Structures are given as C-alpha cells and as structure tokens.
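[1] Dropping a prediction and its sequence here:
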Amino acid sequence: EDIRSTRLCTDIRDAQIQPAVAHCNDNGQYTETEAKEEAARCLLCECKQCVKACEFLDFFHQYPKKYIPDISRTMTSLQGVRSKMIAQRIINSCSLCGLCAEICPEQLDMGEVCRQARRALVTEDKIPHAFFEFWMRDMSFSNSPEHQLFRHQPGKNTSAYLFFPGCQMGASSPDYVEKAYSYLVANLKDGVGLALGCCGAPAEWSGNQALFNEQLRHFINEWKQMGKPVVILACPTCQKIFGEHAREITVVSLWDIMQKNQLPDGATNGNGATVAVYDPCSSRYSPDAQNSIRDLLKSLNYQVEELSFHGKYARCCSFGGLIAPINPDLAKKIVEQRINASPSNYVTYCVNCRDIFAGQGKPTWHILDMLFGKNVGNLARRSEPTFTERRENRRQLKERVLERFWGEKMESNQPIYATLKLSIPTELQKKMHREYILFEELQQVIYEAETSNCKLLDNTTGHYVAHLQIGIVTYWVEYAPLSKDTYSVCNVYSHRIQIGEEGK
C-alpha cells in the first residue's frame, strides 16, 4: 500500500507496542507462526475518540460519519414518508454537552448537529411533542406568577447585583436560596436584588427556539427594568445560556463572589478529607467558576481529587438535553458510568448532578452543603426530591422569601382540586417519579371523576378507575374513597393515546 495523507487520527498512547517479529529462517521469510505473530502487532487504525468518551455515540453502535447521513435523511425526507423517523431517537438522545467537539481532532460537534436538527424538526412540527412535553410544562410553571419573582433588595430602589439561583436550586434546596441571598446582602454593597424563575434552558434543549427566545426576552426585559444589574448565578447551565444568548448581561458566578469574600459562618471544616470534584458539563467554558469551587473546598480544608474527565472535558450527568424520558436506558448507562468514575464522595455545583447521583446511591454533596448545611456527613446521601416535591418547593420558596425579606403574605390561588387529600404508598410515589406523573395531576383526575361521576367501578376490588387528558397526556388513576375529599390511590399510569368519547 502506498503512503498517502489522511485526516484519520489514531490515539495509540494506551496501546501496548510490541517489537517486530524477527525471522528465524535464513531465507528472510516468516514461518506461519511468525507471520501470525507479526500480523497480530497491527493496530486498528481508527479514531473514535469521541465514541470512547460518549455513551450516547456508543449507544447506537455507530460513529459520527454514520450518524450524520442518517440525521440528514431524517431532515430531508418527504412529508409522510416513514424514513422521517430514521434518526429521531438519535437526534433526541444527545445531551448537547459539546464534549465530542473538545475531544475530536477535527472539532466535529455532534451536539450542535443534533441541536440544529431538533430546531428544524420543531419548526416543521415533526418532532414528537411527548419527548419534551413534561419539561415544557415544568418550565412554564417556573416562570408563572406562582413562582417567578423580580425584586430589589428590601429598602432599596436600585440594585447593583441581581441574584438568580435558577429553577433547579429552588426546586431541590430552597433553604439554600434563602441562605445564599442573605449572605450576598450581608457581603455586597449597593443593593442585591433577587430573581426566581427559569432561564429557558429546557426550551433551548428541546429545539423550540421561539419559546426559548420568549422566555429569555422576558428575563432581559425584567433585568433592564431593574437597571441592568450584574447577575449572580448559582447554576452553571444558566451561566452557559446567558453567555451564549444574552451577552449584554454581565454575569458572575456565586462561587466567584464567595471565593473573594469571607466564608459563611458555620461553614463545615473538612478536616483534610478527600472529595472528588464533579464539574457539570455546562461549566466547560467557565474556568473561573471551576477554579473558585476548588479554592472554596481548599479553604474549607478538603483535599481535592480530579476525575479523569474534568474542566473542559466535563461530562454530562444525564440531565442535559432532557434525554431521560426519551432514552431511559441510555440515561441509566450514563449515570452508572459517572458514579463509578471514582470511589471517593463527590462534590458538585450543579443541583441536577447532585440529585441524580445521590438518587442512585452515590454520596454526593452540592458545594452549598459544605457552606450552609448542618450534619454535612448525612447530606451527601439525602434522597433526591420527587418532581411533585420539586414543584411544591418552588411554590413555597416564593412564599417564604416574600414573607422573610419583604414582609409580604403571598395570596393563595390554589385551584379547587388542590383541596383533595390523597394517600399514596411509597412505592407508588416512586413509580410516579419514574414516569413523570405529578401529585396535582392525580388530584385533577379524581376531582373530575367525582364531580362528573365519569368513572368505572371495579366490582372485584371496590376501586374506582378514572382518566383525564391533561395537555397531550392521558392520566389514569385507580382509587378508593376514604372520607370526604380524602382518597387512597392504588395505581396510576399515563399514555399519549387520546380517548374518543361520545355522549349518550
């Protein structure tokens, strides 16, 4: 074979290099055994560095050169042709984290390929709505009057800073939002405002650019009305979103602020314990925040262990791109790999990373556990909140901060179905979490069934069965009355089949 130029890059750093096999015969020819040994020295000349580092690319047993034509055929198929679905699952199984572009010698970014494909499919209304429906409703709640808030610091009419913790911290650890805000007010001058809501990342990940732009414009308009303060962010995803799509906003991470000021009173001394820092994938291009986390841990007297993938090579925890409902097997594989990357306990600064890892039994702290938490040793193993708990945490957070900092009582505008009391077994609650079913959705189903008397009675169990379509999803509940407005829930499930009914 002749020698020719190629863009193929083969990494042989980990290969065991064997010396050439010497001829035993004087005629310069190999014996059969020698020939086989010499042939066995041949390395498989392929790249696949991105595939080795990315569970998504490995999951479908192909590599970018094969994926891209499939995605292209999906994008160019004629309307109604079955091949329109060729790569739908591939396109929507990518975390969009960008690690492949960092690893690829040619900087090929499969995340960007999938992102653009999602946008095009959404524009053509060719993407299955059920893929992202739950998260779009969750984002809408975060930016609804029930949760969203923009306020100047109590007693001030201007704000030099605006603390925006992000929707997930308020959902998982609302008390840390209050503590972090109190810390900022005590350590920064000229006013620190508070904003609660979502940056719009779920819409951006889903490919719905129109909805994302709407969410982002709303934040920017509120920010301008507050005098364009410096925005302090606790969420690395928010920092990435603003850095890419709202560069007019000056942002700084909460970790940079805390690293430059005194530690909170009562911050936990690590006594030299070793912890592995898990950098969220969205922090990839935020080296200052990454360094500040490490400096904070060292100030707290922890020894820092670096994982094999960190810094600009940070890997997604499985939350990015909202892939879990679309490809749960892949999400499970990703989480298993991440939690087994080191035997050490993890520290991260992404709420989703912490909750997902801890939910699978990996002791994981959020950095705020060390800075504000009590009984820190137990906090690494605290269970992840359910989706119902996350939504209720956001609702209560707004109520608490209004009362604590501004002395205001939030009016309760709960719908009438929220008065129903439900008794749900623990295992069934876990099922609801796995299948993205909320407590309030069960209340709606039962309330509708009881007020309309549209329900079935199972004579063998004495339980009622009822259904209700909410959005594009139909929810079913098997339940039994306990007392007035109190019900025992026996089973739940949901699907996207719409039930056609005719009145009699």
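    Received, thanks.
[2] residues in contact with G272?
    Counting by C-beta atoms under 8 Å, 6 or more residues apart in numbering, G272 touches 301-303. Any C-beta I mention is one placed from the backbone N, CA and C, and that applies to glycine too.
[3] was I right about M139 contacting G200?
    Yes. Assessed by C-beta atoms under 8 Å, M139 is found in contact with G200 at 7.0 Å.
[4] how near is the residue most central in space within the chain to D329?
    Nearest residue to the geometric centre of the chain (C-alpha atoms, centre = their mean): F319, 2.9 Å. From F319 across to D329, the span is 16 Å (C-beta to C-beta, to the nearest Å).
[5] likewise S172?
    When S172 is compared with D329 (using C-beta to C-beta), they lie 25 Å apart.
[6] So between these two, which is more surrounded?
    Neighbour count, other C-beta atoms under 10 Å: between S172 and D329, S172 has more, with 21 against 9.
[7] Excluding sequence neighbours, find me the nearest residue to that one.
    Leaving aside its sequence neighbours, S172 sits nearest to V351 (C-beta to C-beta, 6 or more residues apart in numbering; 4.7 Å).
[8] residues touching that neighbour, list them.
    So V351 contacts 166, 168-169, 171-173, 235, 366 (C-beta under 8 Å, 6+ apart).
[9] where along the stretch 201-350 of the chain do the strands fall?
    Using DSSP state E, counting those that start in this stretch, the strands of the stretch 201-350 of the chain run over 230-233, 251-253, 274-278, 303-306, 346-348.
[10] joint contacts of M139 and G200?
    With C-beta under 8 Å, 6+ apart as the test, M139 and G200 both reach Q215.
[11] Isn't R395 up against E146?
    Yes. Contact status for R395 versus E146: in contact at 5.6 Å, counting by C-beta under 8 Å.
[12] So between these two, which is more surrounded?
    The residue with more neighbours, out of R395 and E146, is R395; 20 against 16, by other C-beta under 10 Å.
[13] so how far is I446 from that one?
    According to C-beta to C-beta, R395 and I446 sit 20 Å apart.
[14] again, but for L420
    Remark: distance between L420 and I446 (C-beta to C-beta) = 6 Å.
[15] higher neighbour count, those two?
    Remark: of L420 and I446, I446 carries more neighbours, 23 against 17, as counted by other C-beta under 10 Å.
[16] Remind me which helix or strand the more buried one belongs to.
    helix 439-452 (DSSP states H and E).
[17] Point out the other elements, helices or strands, that the next helix or strand after that helix touches.
    Later in the chain than helix 439-452, the nearest helix or strand by DSSP H and E is strand 456-458. Counting contacts by 3 or more C-beta pairs under 8 Å, 6 or more residues apart in numbering; DSSP states H and E, strand 456-458 packs against strand 463-470.
[18] So what touches stretch 457-466?
    445-446, 448-449, 454-456, 476-481, 490.
[19] pull the CA atoms of it into CSV?
    The C-alpha coordinates for stretch 457-466 follow below in CSV (Å, rounded to 0.1, in the frame of the first residue of the first chain):
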residue,chain,number,x,y,z
LEU,A,457,-66.2,0.7,39.4
ASP,A,458,-64.2,-2.5,39.6
ASN,A,459,-66.5,-4.9,41.4
THR,A,460,-63.7,-7.2,42.3
THR,A,461,-61.7,-4.6,44.2
GLY,A,462,-64.3,-1.9,45.0
HIS,A,463,-61.9,0.6,43.5
TYR,A,464,-62.8,3.3,41.0
VAL,A,465,-60.9,3.9,37.8
ALA,A,466,-60.9,7.2,36.0
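[20] Going by neighbour count, list what's buried in stretch 256-268.
    256-259, 264, 267-268 (16 or more other C-beta atoms under 10 Å).
[21] Identify the residue spatially nearest to P280, adjacent ones excluded.
    C350 (3.6 Å).
[22] mind checking which helix or strand Y475 is in?
    strand 473-483.
[23] how close does the residue nearest to L379 when sequence neighbours are not counted sit to A210?
    Sequence neighbours aside, D369 is the residue nearest to L379 in space, at 4.3 Å (criterion: C-beta to C-beta, 6+ apart). Per C-beta to C-beta, D369 is found 38 Å from A210.
[24] ditto for L420
    For L420 relative to A210 (C-beta to C-beta), the value is 36 Å.
[25] same check, this time on S292
    35 Å.
[26] what about the two, which has more around it?
    More neighbours surround S292 than the other of S292 and A210, with 22 against 10 (other C-beta under 10 Å).
[27] residues in contact with C45?
    8, 10.
[28] and the longest helix for the protein?
    Using DSSP state H to define each element, the chain has its longest helix at helix 387-406.
[29] Dump the C-alpha coordinates for it into CSV.
    C-alpha atoms of helix 387-406 as CSV (Å, rounded to 0.1, in the frame of the first residue of the first chain):
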residue,chain,number,x,y,z
PHE,A,387,-40.9,16.0,40.7
THR,A,388,-44.0,16.8,42.8
GLU,A,389,-41.8,17.9,45.7
ARG,A,390,-39.6,20.0,43.4
ARG,A,391,-42.6,21.9,42.2
GLU,A,392,-44.0,22.4,45.7
ASN,A,393,-40.6,23.6,46.9
ARG,A,394,-40.6,26.3,44.2
ARG,A,395,-44.0,27.4,45.2
GLN,A,396,-43.2,27.6,48.9
LEU,A,397,-39.8,29.3,48.2
LYS,A,398,-41.5,32.4,46.8
GLU,A,399,-44.0,32.4,49.6
ARG,A,400,-41.1,32.2,52.2
VAL,A,401,-38.8,34.8,50.7
LEU,A,402,-41.7,37.3,50.3
GLU,A,403,-42.6,37.0,53.9
ARG,A,404,-39.0,36.8,55.3
PHE,A,405,-37.3,39.6,53.3
TRP,A,406,-40.2,41.8,52.2
